[in-house]
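>>> Here you go, sequence then predicted model.
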Amino acid sequence: MMAEEPENLTLHRLRRIAADVAETGQDVRDLKERVSAVEAGLNAVRRDLVTLAEADARLQVAIDRQGERPSRIERRLDLNEGPPAAAR
């Protein structure tokens, strides 16, 4: 009976290690799922940032055009300060 006790103890410890390894494997699978979800969310944020950057660029162009508009109107109406149009 004494010879069986160390064998049973070893077997018991090996089973415990196997259970721990299985639990760790499940934890790793769970973490992979969570990381994948975070990556998907990050990609969505990146797409949103690109969309916002495009909208910002369009707005900047529109603002620039609006800034040019009064100058064109002033030139057409000859409202510019400075030498008269004939002297230019």
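Great, that's in hand.

>>> what packs against whichever strand or helix holds residue 40?
In this structure, residue 40 sits in helix 4-77 according to DSSP states H and E. Helix 4-77 sits against no helix or strand, with contacts defined as 3 or more Cβ pairs under 8 Å, 6 or more residues apart in numbering; DSSP states H and E. Just so you know, the C-beta spots here come from the backbone N, C-alpha and C atoms, and that holds for glycine as well.

>>> what mean pLDDT does it have?
For helix 4-77, mean pLDDT rounds to 93.

>>> For stretch 13-21, what is the distance to the chain centroid?
Centroid separation for stretch 13-21 versus its chain: 40 Å, with Cα atoms, centre = their mean, to the nearest Å.

>>> residue contacts, residue 7?
If a contact means Cβ atoms under 8 Å, 6 or more residues apart in numbering, then residue 7 has no contacts.

>>> gap between it and residue 15?
Counting by Cβ to Cβ, to the nearest Å, the gap from residue 7 to residue 15 is 13 Å.

>>> can you check residue 71 too?
In terms of Cβ to Cβ, residue 71 sits 85 Å off from residue 15.

>>> cool, and residue 22?
Distance, residue 22 to residue 15, using Cβ to Cβ: 11 Å.
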